[in-house]
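> Would you be able to build a 3D model of this:
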Amino acid sequence: MEKDEFTHPYLGLTKKERKEMLEYLGLTSADELFSDIPIRSEFHMEEQPLSEQELFFEFYELSKRNWNYLEHPLFAGGGAHAHYVPAVVQKIIERGEFLTSYTPYQPEISQGMLQALFEYQSMMCELTALDVANASHYTYGSSLGEAAHMAHRINSKNKVVVCGAVNPERLEVLRAYAFGKKLAVVQTRYDEQKGSLDFDALQSAVDDETCMVYVESPNYFGVVEPNLEEVAEIAHKKGALFCVGFDMISLALFKPPGEVGADIAVGEGVGFPISYGGPSLGVFATRKQYVRSMPGRVVGATLDKRGKRGFVITLQTREQHIRREKATSNITTNSAILALANAVYLALLGKSGLKKLAERILSNTHYTQSRLAELKGVTSPLFKGYCYQDFVARIQASEQALEKSFEKHGIIAPTRLKQLDSWLFGVSELTTKAHVDLLVVSIKEALEKNEV
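Alright, predicted model coming up:
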């Protein structure tokens with residue numbers, strides 16, 4: 001072996017290989033490769049390291065540049081909703097018996113976590129009115145993608161129909177999942193007056209090649225989809241599965257997916273902070289007859305030979321555990337610690353507490369809508385459909401004027417919907433009257449400037 005062939009026990013490239021790569025890029029050195037990085041960003045070994053105390057305050061000063069929903073009113077819609085999480089939730093999930101065993105590869109010695117996941121699954125079944133739920137997925141989007149794969153496995157069809165206004169980020173995840181299976185994803189138009197799905201467009205899109213019909217309720221515009229039973233009927237007539245995307249807290253007020261004919265329900269968990277978009281928790285529930293086609297883990301309760309209750313992973317149909325051709329998914333694990341947080345949060349609220357929370361969110365939504373509607377030059381809400389937590393409003397002021405005004409008043413801005421020349425507003429139980437007053441002032445100032 002020549003000396004040049006091995007230069008470092010952990011870095012695989014030899015000097016010869018590095019030289020060839022640089023020549024291919026038309027460069028002479030690694031320093032030239034990174035020459036566009038500002039000097040201040042470079043790491044200089046000769047600098048003295050900071051102490052722990054100095055480093056803490058250095059990071060603290062950097063963190064103050066970020067805007068958070070505890071210090072700034074949050075009106076960004078589209079799924080980024082701030083909810084208050086009781087301190088006891090974090091305390092419980094940080095307990096060693098949970099935190100150190102959150103991935104139960106050896107389930108027999110993870111009884112506490114398995115029981116917690118069993119309780120989580122039970123709560124998801126009760127909320128969705130479906131028979132079985134798995135131990136979670138990574139995100140709402142991954143649950144949706146897995147739902148499409150599951151529908152394809154069950155009926156061998158190759159088309160997914162997405163109804164009306166759905167979250168564009170989740171739609172992109174679905175398209176990524178569909179690509180590998182060569183599934184066609186067709187999105188139908190929405191009713192431009194109501195903001196809900198267009199039934200004529202839906203009926204035209206669903207055919208004998210459709211494996212799954214997907215609807216979100218509340219949808220991306222915040223509109224609660226009416227007549228979901230009719231959507232289920234349209235899907236089932238063509239032999240397709242019906243999948244409903246839901247908001248968990250809203251299930252305390254509206255019909256759950258199982259009661260409107262859904263075969264699969266997907267959603268996002270609660271009980272943990274936004275954290276800049278992740279980590280998250282994808283909920284997945286289905287009917288009993290489809291349990292062996294369901295992806296992910298299913299935790300079950302049983303009795304040992306002494307008659308003592310215990311918990312086991314009943315199904316774990318991923319390729320790591322069974323033959324690849326028998327696997328339902330290659331998804332590696334579940335968001336167990338967040339599923340635990342979800343279960344603790346719901347257990348603390350209880351049935352009546354969850355309903356009161358949903359009612360408060362709904363009240364805040366309608367109050368915000370009505371306050372914006374008082375402003376001349378604002379159409380609020382834009383759609384006539386019934387909204388739960390998000391709503392769309394059109395404001396006759398330039399995007400630049402509004403953004404400047406939101407920033408001036410310290411508001412985390414609503415989401416810009418450029419195609420509709422509108423804004424998507426989101427509220428939660430943390431939205432106060434003072435927040436809405438500040439929002440009204442900021443919009444009023446932008447309307448007065450009306451920069452075009």
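
> What ranges in the stretch 51-200 of the chain fall below the confidence cut-off?
Low-confidence segments of the stretch 51-200 of the chain, defined by pLDDT under 70, span residues 101-109.

> what sits up against stretch 32-40?
Outside stretch 32-40, the residues that touch it by CB atoms under 8 Å, 6 or more residues apart in numbering are 22, 25, 27. C-betas here are computed from N, CA, C, even on glycine.

> closest to residue 282 among those?
Using CB to CB, the shortest approach to residue 282 within the contacts of stretch 32-40 belongs to residue 25, at 40.1 Å.

> now, among the contacts of stretch 32-40, which is nearest to residue 220?
Taking CB to CB as the measure, residue 220 lies nearest residue 25 of the contacts of stretch 32-40, at 42.5 Å.

> Angles on the backbone of the closest one, please.
For residue 25, the backbone dihedrals (degrees, to the nearest 10) come out as phi -80, psi -10.

> What residues does it make contact with?
residue 33.

> likewise residue 367?
433, 436 are the contacts of residue 367 under CB under 8 Å, 6+ apart.

> what about 10 Å?
Residue 367 is in contact with 427, 431, 433, 436, counting by CB atoms under 10 Å, 6 or more residues apart in numbering.

> can you pick the most crowded of the residues you listed?
residue 427 (31 neighbours; other CB atoms under 10 Å).

> Which pLDDT does the model give it?
You'll see residue 427 listed with a pLDDT of 97.

> Please go through the protein and pick out the longest helix.
Secondary structure assigned by DSSP state H gives helix 336-373 as the longest helix of the chain.

> Figure out how far that one is from the centre of its chain.
Distance, stretch centre to chain centre, for helix 336-373: 16 Å (CA atoms, centre = their mean, to the nearest Å).

> buried set for it?
336-346, 349, 354, 357-358, 360-362, 364-366, 368-369, 371-372 (16 or more other CB atoms under 10 Å).

> got the angle for the strand or helix carrying residue 123 vs helix 336-373?
Using DSSP states H and E, the element containing residue 123 is helix 111-128. Angle, helix 111-128 to helix 336-373, by axes from the mean of the first three to the mean of the last three CA atoms, to 10 degrees: 30 degrees.

> now for helix 111-128, which elements pack on it?
helix 96-99, strand 132-133, strand 241-247, strand 264-268, strand 282-286, strand 297-303, strand 309-316, helix 336-373 (3 or more CB pairs under 10 Å, 6 or more residues apart in numbering; DSSP states H and E).

> show me what contacts the residue nearest to residue 71 when sequence neighbours are not counted?
Nearest in space to residue 71, with sequence neighbours left out and distances taken as CB to CB, 6 or more residues apart in numbering, is residue 410 at 7.8 Å. Going by CB under 10 Å, 6+ apart, residue 410 touches 67, 71, 72, 73, 438, 442.

> buried ones in the helix holding residue 123?
The neighbour-count criterion (16+ other CB under 10 Å) identifies 111, 113-114, 116-121, 123-128 as the buried residues of helix 111-128.

> picking up where we left off before, what's the closest of the contacts of stretch 32-40 to residue 167?
Using CB to CB, residue 25 comes nearest to residue 167 of the contacts of stretch 32-40, at 39.2 Å.

> which residues touch the most centrally placed residue in the chain?
In the chain, the residue lying closest to the centroid (CA atoms, centre = their mean) is residue 140, at 4.2 Å. Applying CB under 10 Å, 6+ apart, we find residue 140 in contact with 79, 167, 169-170, 173, 216, 245-247, 266-269, 280-284.

> Give me the spatial nearest neighbour of it, chain neighbours excluded.
Closest to residue 140 by CB to CB, 6+ apart is residue 268, at 4.0 Å.

> beta partners for that neighbour?
On the basis of DSSP bridges, residue 268 is bridged to residue 247, residue 282.

> Do I have it right that it meets residue 79?
Yes. Using CB atoms under 10 Å, residue 268 is in contact with residue 79, at 7.2 Å.
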